[in-house]
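3D model of this:
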Amino acid sequence: MSKPITRKIQLTGGSTYIVSLPKEWIKALSLSAGDEVEIFQDIDMKLVIVPKSLNSPDQKEVKKIIHCDNVTPDSIIREFIAYYIAGYSSVVITCPRMSSSTRAYIKDAVRRRLLGAEVVEEDVNSISIQFLVDEKELSIKKAISRAFTISYNMLRDSLEAINKSDIELAKEIVGRDDEVDRFFFYIARQLTISVKAINVLDAEGYNLTQSVDIYSVAKTIERVGDHANRIASLAEDVSKFSNKEDLVKNGLLILENYKSAINAFLNEKKDVAHNLIADIEIFKKLMELQEVAIKSNDNPKIITSTSMVIESLRRIARYSSDIAEATIDMLAKSNK
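Next up, the predicted model:
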């Protein structure tokens, strides 16, 4: 961080206060008389001055070119995801001797997991992907809501598949978590961009200090999607559990707590958040259910799968408490 520069507040025209801007700052940003700057007031009453041309997610294209050799397709996909989250508008991967099957795998995975990812150019050695994301159409709140809805439906359908022994439904659920990932990566990208473009958060009523809470909730939703996917993958065995009615009943309670936690976060309901954190009854019920499963006369494979599902439900219940805590933390940082 540069050293502070002291300026005196001056009064001009009898009613207007002005402060001169450092000449070095003006030159570094190639600004001149007549250019516009935007002034933001943060939670601590500090003023942040940003050139208007720089404070926009629609600024000029930020491109990254990556040269790779002898790396796995999954490593390449991780590179694309990392630069997407970092806020780049396009990424080019150049890899000598890339097979057609590898190119197809990478393109499919990137399109499936990253919102707005489109292949704009490719040849035998490279793939160029542009991220055509319309941030104005999809707010952070809306992205959180959509990711939640997908993960909520995944968990609900997983419990339904266990309850009704519907293996086809369970198979259909597996893989839906890619959709949750798409919104999580998008939210992470927006939070990264917001460090430079302050109005990204300001337009939604958030401030920069709350970004850690927003990220925490988005990551938690992504984890719920992973566990719902895991439950679906075990549904065939667990549907044969001798006490599956109690398992499904407790799962539905956890599902509703998860919904209440997200509603508390999106609608700033502090009392609801406190009540969710204080309610630990579900954890006792899950512990009792685990003992029942272990002591049952079911097939060992059924017992193992059931224990894994109970553990996933326990974690989802804990995640609901985490979302409630993030709600309280976020409200403490509110400008309201």
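
what's stretch 125-141 in contact with?
Contacts to stretch 125-141, defined as Cβ atoms under 8 Å, 6 or more residues apart in numbering, come from residues 57, 80, 84, 88-98, 103, 106-107, 110, 114-122, 186-187, 189-191, 193, 200-201, 203-204, 206, 214, 266. Every residue, glycine included, has its C-beta placed from N, CA and C.

give me that answer again for 7 Å
Outside stretch 125-141, the residues that touch it by Cβ atoms under 7 Å, 6 or more residues apart in numbering are 57, 80, 84, 89-96, 98, 103, 106-107, 110, 114-122, 186-187, 190, 204, 214, 266.

Are any of the residues you listed buried, and if so which?
With burial judged by 16 or more other Cβ atoms under 10 Å, the buried subset of the contacts of stretch 125-141 is 57, 80, 84, 89-93, 95, 98, 103, 106-107, 110, 114-117, 122, 186-187, 190, 204, 214.

So what does residue 216 look like in phi/psi?
Dihedral pair for residue 216: phi -60, psi -40, per degrees, to the nearest 10.

pLDDT value on it, please?
We have a pLDDT of 97 for residue 216.

burial count for it?
17 (other Cβ atoms under 10 Å).

Quick one: residues contacting it.
Residue 216 neighbours (Cβ under 7 Å, 6+ apart): residue 326.

just the one 4 residues further on next, same as before
Applying Cβ under 7 Å, 6+ apart, we find residue 220 in contact with 319, 322-323.

What about the buried ones among the contacts of stretch 125-141, which are in helices?
Among the buried ones among the contacts of stretch 125-141, the members found in helices (DSSP state H) are 80, 84, 103, 106-107, 110, 186-187, 190, 214.

okay, residue 295: pLDDT?
94.

can you check the one 10 residues further on too?
Residue 305 is assigned 97 on the pLDDT scale.

longest helix anywhere in this structure?
Under DSSP H, the chain gives helix 300-332 as its longest helix.

what's that helix packed up against?
helix 211-233, helix 235-238, helix 244-267, helix 270-278, helix 281-295 (3 or more Cβ pairs under 7 Å, 6 or more residues apart in numbering; DSSP states H and E).

swap the cut-off to 10 Å and go again
In terms of contacts (3 or more Cβ pairs under 10 Å, 6 or more residues apart in numbering; DSSP states H and E), helix 300-332 is packed against helix 140-163, helix 211-233, helix 235-238, helix 244-267, helix 270-278, helix 281-295.

Who are the contact partners of residue 194?
By Cβ atoms under 10 Å, 6 or more residues apart in numbering, the contact set of residue 194 is 57, 87, 140, 200-204, 206-208, 211, 214.

Understood, closing this out.
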